[in-house]
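1. I would like to see how this sequence folds:
(chains A and B)
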Amino acid sequence: MLQVNDLHVTVEGNEILKGLTLTINAGEVHAIMGPNGAGKSTLSAVIAGKDGYEVTQGTVTFEGKDVLEMEIEERAQAGLLLGFQYPVEIPGVKNIYLLKAALNAQRVARGEGEMPAPEFMKLVKEKLGYMKMDASFLQRAVNEGFSGGEKKRNEILQMLVLQPKLAMLDEIDSGLDIDAMKVVADGVNSLRAQDRAILLVTHYQRLLDYIVPDKVHVLVDGRIVKSGDAELAKQLEANGYEGIEESVA
Amino acid sequence: MSDTQTFLDTLQARSQGYQAEPTWIAARRQAGAARFEALGFPTRRDEEWKYTDVRSIARGNFALADDAEFSPASAAALTLPINAYRLTFVDGVFSAALSDVDSLPSSVQVLPLSKALEENHEAVGGPLGRLTGVEFSPFAALNTAFMEEGAVVRIAPGTVVEKPILLQFLSRAGQPVMCHPRVLVEAGSRSEATLIEHYTGESEATNFTNVVGELMLDRGAILAHYKLQEAPLGDMHVASIHVEQGRDTRYTSYNLSLGGSLVRNDLISDLNGQGAETNFLGLFFGQGRQHVDNHTKVNHNAPLTFSNENYKGILDDRAHGVFNGKVYVKRDSQKIEGYQSNQNLLLSDRAHIDAKPELEIYADDVKCSHGTTTGQLDENAIYVLRTRGIDEATARGLLTLAFAGEVLDKVSLDAIAERVELAVAGKLPERFNLAGLVETAVALND
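-> Alright, predicted model coming up:
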């Protein structure tokens, strides 16, 4: 589904990713772990198309298409969706409108018609319930005045409504208490499907107690230095990244 | 020949038609002409016109229209799809064919000024010019000198006017013409009404409209006043609107300015009775080389009066906006509240705004605030919307409308909100403002 091959990325002249290679197949959940500054967030930002990241070498393809050649919105329309570590407040744009406009933009891009309003409302209500969010959230401006936990839930709500093929979640666990983490994890787990993949970027292992990954990758200094299954995350928890760095060195 | 003289010559040529007028009109016309001759057009040396250059008006050579011919199909395409009592003026000339006030109740009069004068000119003579006299500005003087037509609205005490009253001003393409309409509203005590002034026309038009509005609200009257200015982009538009509010009245102005190459609005409210409340909501949008100037003033002349002003400006390309808002509190007008906010959004590097909020307070027990800000669209928010699959143009439109939201959300007439949305944000996937969301909210509560 997603192929990242020998990806080199610089930010303001500094090389952050130094030859990252990663393959994610449909149906899989991958976790990328690593110390601060290793380039974890850079990977998802480049795939989502954020400004300021220069790809100097390598390729990113999604279902055979060159992602780096696609407009930001085309990536989302193709089914690539990023959940932000720091969700942005958008004053004046109501949550419900964002959901509706985004869903319909994607449907229209795929050649499907806009979803009729009653069907849309039914869908949103169901997903809201799943995320244990009150309907009043829909009428509030996107993330405006939301607590940290509410913002993260809202990111997952968007995922549940938009149903991406590949959901990339950047530090979705940061700033969550244990109850909120469970809700967020339940939401993410409900996305698991044969035709879908999930990429988790996280600093801590604790999220992976709730969302058990198929593959774990350790990212150090711009490269994946080790890959394994969920057990690898537990080793990291026990020994820290330094142990890995030493074993690789 | 001076710019002023061109206009005086046009007046002179027109004056044969004024021979049969009552003497009071002739006297005011002369006073207007004399005042205009003495003042001439304002220049940027005048403090009130510091940011607005009116030479494109002063140097124009505008004829006066003599007929109101307008294709009914074109008029239908331009008109607001609103069920309303309707008076239509074409280049200032009343069009009976495009008007419809047949179903008015007897407690409400909506009639062209010419007809009101014909029926009972003395009843018009008192209020006309009482609020906006010839001394107000050279444009008010010019209007008085050329005063021929306009709308007279009289609402009897206690009357609730069920349908909006729509005054439609159409501008035609062709030889440039000018018109100087009057809008005179007398809202009786405890009456309630919605008045819409709608300026629009053929896109190639290059005319000059110089309107004077006088609105009098008697005790307890409630008036919602929409001014939807979507004149052709070559038109010039000057409006001088004066509101007089008695005790416990509530006036709300929705000043929505989208069209015109050169636009100047003066809006003044006199809060003369306790409990009077005025709300000034404004949204101005400029693109290309449009120039839009809004001057507002609230005079708190009585204690226990309330004003709230919120003006939003959106400027693109090389457009120039001006906001000058003044809140004045008369000596010993205690227990008043006056709030003013102006926010501007610049969509291009070459767009420009001059914003000047002013407070002048001569009482000590008051609550007043004012503020102005100017900024750009949040690029990060645009990015986030695009990562959700929304294309860039729509994302920019959404955020622009979100900026306008605080004002637009209060526009309860959908037909008007839609026009503004379309002009400001382009075509969006669905109604951004209200309608769809209200349905959604209702559906959620089921």
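
2. What is the burial count for the nearest residue to residue A:165 once chain neighbours are set aside?
-> If the residues on either side of it in the chain are set aside, residue A:165 comes closest to residue A:79, at 3.2 Å by C-beta to C-beta, 6 or more residues apart in numbering or on different chains. C-betas here are computed from N, CA, C, even on glycine. Residue A:79 sits with 21 neighbouring residues when counted by other C-beta atoms under 10 Å in any protein chain shown.

3. so residue A:79 touches residue A:159, yeah?
-> No - using C-beta atoms under 8 Å, residue A:79 makes no contact with residue A:159, being 11.4 Å away.

4. ok, the residue nearest to residue A:165 - contacts?
-> A:62, A:63, A:164, A:165, A:166 (C-beta atoms under 8 Å, 6 or more residues apart in numbering or on different chains).

5. Could you pull out the strands in chain A for me?
-> Secondary structure of chain A (DSSP state E): strands at A:2-11, A:14-24, A:29-33, A:54-62, A:65-66, A:80-83, A:90-94, A:141-142, A:166-170, A:197-202, A:215-220, A:223-228.

6. Identify whichever of those strands lies nearest to chain B.
-> Checking the strands of chain A against chain B by C-beta to the nearest C-beta gives strand A:90-94 as the closest, at 2.8 Å.

7. Is there proximity between that closest one and chain B?
-> Yes - with C-beta under 8 Å from any C-beta of the partner chain as the threshold, strand A:90-94 lies in contact with chain B, specifically through A:90, A:91, A:92, A:93, A:94.

8. on contacts alone, who are the packing partners of that strand?
-> Strand A:90-94 sits against strand A:141-142, helix B:379-386, helix B:392-408, with contacts defined as 3 or more C-beta pairs under 8 Å, 6 or more residues apart in numbering or on different chains; DSSP states H and E.

9. Just the CA trace of it, in PDB.
-> What follows is strand A:90-94, C-alpha atoms only, in PDB (Å, rounded to 0.1, in the frame of the first residue of the first chain):
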ATOM      1  CA  ILE A  90      -9.700  27.000  13.300                       C
ATOM      2  CA  PRO A  91     -11.900  29.800  14.600                       C
ATOM      3  CA  GLY A  92     -15.200  30.200  12.900                       C
ATOM      4  CA  VAL A  93     -15.300  26.900  11.100                       C
ATOM      5  CA  LYS A  94     -17.700  24.600  12.800                       C
END
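
10. in its sheet, what does it sit against?
-> Applying DSSP bridges, strand A:90-94 is found paired with strand A:141-142 (antiparallel).

11. ok, residues contacting the partner strand?
-> Applying C-beta under 8 Å, 6+ apart, the external contacts of strand A:141-142 come out as A:88, A:89, A:90, A:91, A:92, A:93, A:94, A:95, A:98, A:154, B:402.

12. ok, the fifth one - how many residues close by?
-> Pointing back at residue A:92 there. Residue A:92 has 21 neighbours, counted by other C-beta under 10 Å.

13. Quick check: it touching residue B:408?
-> No - if you go by C-beta under 8 Å, residue A:92 and residue B:408 don't touch, sitting 9.8 Å apart.

14. what do those two both touch?
-> Residues within reach of residue A:92 and of residue B:408 at once, by C-beta under 8 Å, 6+ apart, are residue B:401.

15. Around the closest residue to chain A within the stretch 51-200 of chain B, count how many other residues there are.
-> Nearest residue of the stretch 51-200 of chain B to chain A: residue B:81, at 22.0 Å (C-beta to the nearest C-beta). By other C-beta under 10 Å, 10 other residues sit near residue B:81.

16. And residue B:376, by the same measure?
-> Using other C-beta under 10 Å, the number of residues around residue B:376 comes to 11.

17. before we move on, what SS does residue B:119 have?
-> helix (DSSP: H, G, I helix; E, B strand; the rest coil).

18. Once you drop chain neighbours, what's closest to it?
-> residue B:111 (7.8 Å).

19. Now do the contacts for the one you found.
-> Residues counted as contacts of residue B:111 (C-beta under 8 Å, 6+ apart) are B:87, B:101, B:119, B:151, B:152.

20. Over to residue B:382?
-> Counted by C-beta under 8 Å, 6+ apart, residue B:382 has contacts B:392, B:395, B:396, B:399.

21. and the first one, how far is that from residue B:383?
-> Spelled out, that is residue B:392. 9 Å (C-beta to C-beta, to the nearest Å).

22. need the helices for chain A, in chain order.
-> With helices called from DSSP state H, chain A shows them at A:40-48, A:72-78, A:95-109, A:117-130, A:136-139, A:148-162, A:178-191, A:207-210, A:230-248.

23. who wins for proximity to residue A:222 among these?
-> helix A:40-48 (8.2 Å; C-beta to C-beta).

24. State the mean pLDDT of that closest one.
-> For helix A:40-48, mean pLDDT rounds to 92.

25. follow-up on the earlier one: need the helices of chain A in TSV (columns: distance to residue B:33 and mean neighbour count).
-> Output for the helices of chain A, formatted as TSV (distance: least, C-beta to C-beta, whole Å; neighbours: other C-beta atoms under 10 Å in any protein chain shown):
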stretch	distance to residue B:33	mean neighbour count
helix A:40-48	67	23
helix A:72-78	60	22
helix A:95-109	54	22
helix A:117-130	60	16
helix A:136-139	56	17
helix A:148-162	65	21
helix A:178-191	75	17
helix A:207-210	81	20
helix A:230-248	87	15
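
26. Tell me which residue in the stretch 301-446 of chain B sits closest to chain A.
-> Using C-beta to the nearest C-beta, the single residue of the stretch 301-446 of chain B nearest to chain A is residue B:402, 2.8 Å away.

27. For the nearest residue in space to that residue that is not next to it in sequence, give me the pLDDT.
-> Spatially, and ignoring its direct neighbours in sequence, residue B:402 is nearest to residue A:92 (2.8 Å; C-beta to C-beta, 6+ apart). pLDDT for residue A:92: 87.

28. Now do the same contact list for residue A:92.
-> Contacts of residue A:92 (C-beta under 8 Å, 6+ apart): A:141, B:399, B:401, B:402, B:403, B:405, B:406.

29. Now do the one helix or strand the residue nearest to residue B:119 maps to: distance to the chain's middle.
-> In this assignment (DSSP states H and E), residue B:111 forms part of strand B:108-112. Distance of strand B:108-112 from its chain centroid, counting by C-alpha atoms, centre = their mean, to the nearest Å, is 19 Å.

30. and residue 229, what does it touch?
-> In the absence of a named chain, this looks at chain A. Shown in contact with residue A:229 (C-beta under 8 Å, 6+ apart): A:213, A:214, A:215, A:216.

31. my bad, chain B
-> Applying C-beta under 8 Å, 6+ apart to residue B:229 gives the contacts B:197, B:199, B:237, B:239, B:255, B:256, B:257, B:258, B:259, B:260, B:263, B:265.
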